[in-house]
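K.L.:
predicted model, plus sequence, below.
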Amino acid sequence: MAARERNAAFGLRQVTGAFFAPDAMGARGAGEGLPGDGGRDGSMADMWWDAHVHLDRYADPEAVLARAWAAGVGFVLAVATDAASCRRLLAIKRRFSGRVGIAFGLHPERTSWNRDEVDAVLALLEAHAGEVDAVGEVGFPHYALPEAERDRLPHEAIEVLDAFLDAAARLDKPVLLHAVYHGAPVALERLRRAGVARAHFHWLKAAPDVLKRILAEGHFVSVTPDVLMRSRDQELARRVPLTQLLLETDGPWPFDGPFCGRPAEPAWIPRVGAAVAALKGIDGAVLRRAVWENGRRLLNGSL
């Protein structure tokens, strides 16, 4: 069954809890106050990039981007959470030529989505395929589910992910996945079924054997600012080969430790990179060049 036909055939239940409350960070209207950017120059490959950030969730995206550029972060991949988010990100990308990439998707932990919202995001993806760099954020709910149900993925969630994966395969777009714990191996199976060859498992939490399978199929895995303070994330950074490693902030997600009390933002990436380079015993410049090249491969050269 084609993605659109299948999407029209199923009904979606709402799940309890929320990943981001709508406009929780006071996001501006699409593109408001964002000056244009002159594009990239020859030094961009010597800069960092943020592989996963919710740019439209900040009160002042312009200021966030200015701090990123000043910190040596030359590119950010901004991921959507719903249809309104897709529209805001499209306007932001049009103001920052070459510096902001965008992904269209529907965050699986949201409480407000339904079949109409799935249809709306898929329609936006099709309509703006030439400007969209990836499909995401998509995947499976985990934190929004009652704890007793987290080992049983809702059938409706699998149907939704399949719809987005079919679109990604048809449009030749990479996929940015929210698939943790029990969801990770199922997401890997669905990627294979849809024929999607390039995926980013963002902020992955999975068993070592699942991580090996993800890496064996050539997908990318990222670490977040948690790598500065959590042994689980430090071990993940050690295990992921340099050729498949990405760095992200998932901003404006609030982290603990040295970041407590502040929403994450792309300007933190150099600090994350320094911690990962130390864990791997390599020079920071080597890591920076590697993750930039990984981004070029993930995004099919658009970075």
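P.N.:
Noted; the coordinates are in hand.
K.L.:
distance-wise, check A129 relative to P108.
P.N.:
For A129, the distance to P108 equals 22 Å [C-beta to C-beta, to the nearest Å]. Heads up, the C-betas are built off the backbone N, CA and C, glycines and all.
K.L.:
of the two, give the one with the bigger neighbour count.
P.N.:
Using other C-beta atoms under 10 Å, the more surrounded residue of A129 and P108 is P108, with 28 against 14.
K.L.:
so the more buried one sits in a strand?
P.N.:
No - judged by DSSP: H, G, I helix; E, B strand; the rest coil, P108 forms no part of a strand; its state is coil.
K.L.:
for it, what are its contacts?
P.N.:
Neighbouring residues of P108 by C-beta atoms under 8 Å, 6 or more residues apart in numbering: E137, V138, G139, F140, P141, A144, A157, V160, L161, H178.
K.L.:
tell me which of these is nearest to N114?
P.N.:
If you rank the contacts of P108 by distance to N114 using C-beta to C-beta, V160 comes first, at 10.3 Å.
K.L.:
let me know whether R99 touches G74 as I believe.
P.N.:
Yes - the pair R99 / G74 is scored as a contact, 6.9 Å apart, by C-beta atoms under 8 Å.
K.L.:
where are the low-confidence patches of the stretch 1-150 of the chain?
P.N.:
Screening the stretch 1-150 of the chain residue by residue with the criterion pLDDT under 70, one finds the ranges 1-43, 45, 111-113.
K.L.:
which stretches in it count as strands?
P.N.:
Remark: strands assigned in the stretch 1-150 of the chain by DSSP state E, counting those that start in this stretch are 48-53, 73-79, 100-104, 134-139.
K.L.:
need the ones you listed in JSON lines with distance to L191 and mean neighbour count, can you?
P.N.:
Compiled in JSON lines, the strands of the stretch 1-150 of the chain are given as follows (distance: least, C-beta to C-beta, whole Å; neighbours: other C-beta atoms under 10 Å):
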{"stretch": "strand 48-53", "distance to L191": "17", "mean neighbour count": "28"}
{"stretch": "strand 73-79", "distance to L191": "17", "mean neighbour count": "27"}
{"stretch": "strand 100-104", "distance to L191": "15", "mean neighbour count": "26"}
{"stretch": "strand 134-139", "distance to L191": "11", "mean neighbour count": "29"}
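K.L.:
for E293, find the nearest of those strands.
P.N.:
strand 48-53 (10.7 Å).
K.L.:
any chance you could list what contacts the helix or strand hosting V186?
P.N.:
For V186, the host element (DSSP states H and E) is helix 183-194. Defining contact as C-beta under 8 Å, 6+ apart, one finds that helix 183-194 is touched by 139-140, 142, 153, 158, 161-162, 165-166, 168-169, 175, 177, 179, 199, 201, 204-206, 210, 213-214, 217, 219.
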